[in-house]
Structure formats: C-alpha cells, structure tokens
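Need the 3D shape of this:
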Amino acid sequence: MSEWLARARQQRLLEENPAPKECAKTAKTAKTPFGSLSEDGFGSFGTTSSIPLEEIRDRFDWTALRLREEHGLAPALAHGRAVAVLRSELHNDPRLVPVQQDPRTCLVCGRPANLARILAAILSPHPDERLWLHLEPCHAEYLQHQATRVDTLLAGAGLEEM
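Next up, the predicted model:
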C-alpha cells in the first residue's frame, strides 16, 4: 500500500469517527506541567499525591528507635541519622514521582530531544518506568524540585537535622 493511500484511509477513519480526536483534546486539558504546585506544595489532577505527615513522623520514630536499640546510638545521633535515612527513603518514594505525560519530551521543559540536547532515561521507583529529561539544566532542576518537596515534607512533620 502506498503512503498516499494509507494517509487517505486514515483521514477517512478520522472523519467517520471523531471520538478519538475529542478524547485527545480532553486528555490534553488534564495535563499539569512539571513543577506546578497547589497550596499544599503538591500537584493536583494528573500529578502525584503527597505523603501524610503522620506517616512521616511514624517512619521517623520507628527508624530512630531501631538506631538507638539495635545500633546503640545516642538519642541525638540517632535523630540526625534517622532524618537522613528518612530523607533518602522519601526521595525514592513512588508517591513523589511526577507523572510524565509524553515520554518523547523532557519532563521539565517539555521540549523534544534534538542533536544538541538528548533525552536521558532516569530511573523511577515504579517498575519498568523511566522519566525522560535533558541532561542539563533540566536534570539539575528536577533534582532541586524533588529535594524541595522532600524538605517541605520533613519541615511539615517537624523533623530537621541536628
């Protein structure tokens, strides 16, 4: 089949059934750009949900208790290390990973790859899922954004390193 004939048939299918086009328009309106946050610091429709502060405090208490009892650390030292452990766990929590709507474009800036700026696959906590970013400056902006989200959660839970 020639390319011209394939295009003609595709166009006829779209004219006979406009539903896919309407669904695509609706899907486009639901997208939330990377970094757009609501009042509580987390995205709304189409983005990830935050982690309850009570869960963060409980995870901290459990980690600090284990460090004191199993490793014999002083309470002040256990507190600082528990915050560091919790921070790394939150960085890898699947609930804080943004949703990438189009893997052919950069998650941060939304532009496609070109010869000068390729898209690199960044691992995410979700199995078989990658985030696609330009290496610089988009990757640095993504890391800063995620670190800010984690710091906001820790501060909201009343946890800071000593």
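
ok, which stretches of the protein are helices?
For the chain, the helices defined by DSSP state H occupy 3-16, 19-29, 53-71, 75-91, 138-156.

would you turn the ones you listed into CSV with mean neighbour count?
Glycine gets a C-beta too; all of them are placed from N, C-alpha and C. As requested, the helices of the chain are exported to CSV (neighbours: other C-beta atoms under 10 Å):
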stretch, mean neighbour count
helix 3-16, 10
helix 19-29, 9
helix 53-71, 15
helix 75-91, 16
helix 138-156, 16
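
looking at these, which one has the lowest mean pLDDT?
Among those, helix 19-29 carries the lowest mean pLDDT, at a mean of 44.

quick one: which of the helices of the chain is nearest residue 111?
helix 138-156 (8.9 Å; C-beta to C-beta).

Any idea how many residues pack against residue 130?
14 (other C-beta atoms under 10 Å).

Looks like it contacts residue 123 (just checking).
Yes. Between residue 130 and residue 123 there is a contact under C-beta atoms under 8 Å: 6.5 Å.

Serialize the helices of the chain to CSV and add fields for distance to residue 114.
Formatted as CSV, those follow (distance: least, C-beta to C-beta, whole Å):
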stretch, distance to residue 114
helix 3-16, 25
helix 19-29, 23
helix 53-71, 40
helix 75-91, 30
helix 138-156, 13
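
where's residue 130 relative to residue 143, distance?
The gap separating residue 130 from residue 143 is 16 Å, by C-beta to C-beta, to the nearest Å.
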